[in-house]
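Q: Structure, please.
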Amino acid sequence: MGPEDLQDILVVYFSHQLCRGRYKNYSKAATITKNRETDPVGHSPDDHGPDSTRNSKRGEHSDHEFQFLLLYKADSSVWPDLGDPHVNESHFLTCQSAPSQNQSSWVINLHPSLMINLDALLENPEIDFVDALLPVQNNVDIIRNAIKHKKPIVIEKPIAANMKQAREIVELASSTDLPIGILEQWAFFSSIGQIKQILPKIGNVVSFTYKATGAWNADNKYLATSWRQNPEHIGGFLSDGGVHQLALLTEILGSVDYISGHTRQVRKESGADDILFSSLKLTSGVIGTFTYGSAFGATDKSTSLVIYGDNGSITYDFSPTLPKPTITYQTGANSKEASEKTVIEIDEVNAVQEEFKNFASAVEAKDKSLVAVPPAKAFHHLAIIAAALESSQNNGSSVKVELV
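A: Numbering: from 1, shown residues only. This is a model prediction of the structure:
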């Protein structure tokens, strides 16, 4: 990764509590924290899970203080407001190329009179970990650099721009004891555990339908981000938000073995195909459908998972129009034996906070096995999208999902 690859990356060095969630103290992080919650790298324009519209509350307690380095891709639409009374300009560093520097290094401008090498920042013993919110084509290099400087690191999803890079990240993670995590917060929804507790009630799982669809939002400011308009990562919008959906699905029902799918591009602004209709076969033998896209004309945003067993069914509806996500289940081997429906309203957690609680625990314990979404797991989510794209290119033929 050279300076030309890190143009306009915002680097922030914070020294305050991480609350085992994102940032407890808003003091120096007010704007960045707000941007992270609806951030142009961490969330897709069509992400509409339980915590994306309902939860803005952050951590309420902390028993460990972390120093961390935040790397942030800054498009013009998301620069922090340096006029904010909580934001001090001296805490923001803008990366620029330096012709006099070797091409393997880059420099940071703290202010016009001070230049700092990023390697020097990473060597700082007071920094406990790196939070890299960069376009994903940079993930391999920043992970390699973090490992070089013995710093745990979390990176943005999808794990990489392509499967070759994704595999390299998995190999890098295997080569170190440092915690390395991928920011796929949907894996932390509390509803996952509740659904898994109910699953035995419906007998053997036979099939499922997963649907996340919505209307195109032409006014979404994140559409202006250059990395979205000209995606270097496979699948563009489909992998950007699709890995969240697949993290949720696979946490509940397990990994995907084969996929047959059709994709197409509805909106030129997407830069690539933006809808996916597919059928899946899981490694368990369960079959189902996966439908994803928010590039349609006027329609309600709808996000749901229906699981069919031989003794009942479960419907998980977390559409943003609902006051709360709901889990509805019914048991019985046939229509005559059908029980009354049980409806459970979910007080969903702030999944962004939960993923950072998890990573903070791993950093504090120096135990990478505690990371809930390590590279190997995120590799699988991207591999499903890659297989779907390959299937679509071959008229919907069945494609085996690449294994790590």
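
Q: give me phi/psi at the closest residue to residue 324 other than its chain neighbours?
A: Closest residue to residue 324 apart from its sequence neighbours, by CB to CB, 6 or more residues apart in numbering: residue 345 at 4.5 Å. The C-beta positions use only the backbone N, C-alpha and C, and glycine is treated the same way. Main-chain dihedrals, residue 345, degrees, to the nearest 10: phi -90, psi 140.

Q: can you tell me how far residue 345 sits from residue 194?
A: Distance from residue 345 to residue 194, counting by CB to CB, to the nearest Å: 11 Å.

Q: Can you pick out the residue with more neighbours from these two?
A: Regarding residue 345 and residue 194, a neighbour count based on other CB atoms under 10 Å identifies residue 194 as having more, with 15 against 11.

Q: Let me see the contact set for that one.
A: Applying CB atoms under 8 Å, 6 or more residues apart in numbering, one finds that residue 194 lies in contact with 327, 344, 346.

Q: Who is the residue nearest to residue 324 paired with across the strands?
A: residue 326 (DSSP bridges).

Q: Next up, the contacts around it.
A: Residues near residue 345 by CB under 8 Å, 6+ apart: 323, 324, 325, 326.

Q: so how far is residue 316 from it?
A: 12 Å.

Q: what's the overlap in contacts for these two?
A: Here residue 345 and residue 316 share the contacting residues 325, 326, scored by CB under 8 Å, 6+ apart.

Q: domain parsing for this protein?
A: 3-184+352-374, 187-351+383-400 (automatic domain parsing).

Q: If I average pLDDT within each of these, which one is lowest?
A: Mean pLDDT values for the domains of the chain show the minimum at domain 3-184+352-374, a mean of 62.

Q: quick check: longest helix of this protein.
A: Counting residues, the longest helix in the chain under DSSP state H turns out to be helix 375-393.

Q: before we move on, could you check phi and psi at residue 230?
A: Backbone torsions of residue 230, given as degrees, to the nearest 10, read phi -130, psi 70.

Q: contacting residues for residue 309?
A: Shown in contact with residue 309 (CB under 8 Å, 6+ apart): 199, 202, 203, 204, 205, 206.

Q: State the distance from the closest residue to it other than its chain neighbours to residue 314.
A: Computed as CB to CB, 6+ apart, the closest residue to residue 309 that is not its neighbour in sequence is residue 202, at 3.2 Å. Residue 202 sits 6 Å away from residue 314, going by CB to CB.

Q: who's more crowded, the two?
A: Taking other CB under 10 Å, residue 202 and residue 314 do not tie; residue 314 has more neighbours (24 against 20).

Q: just checking, that one touches residue 199?
A: Yes. Counting by CB atoms under 8 Å, residue 314 does reach residue 199; the two are 7.1 Å apart.

Q: Thanks a lot, see you next time.
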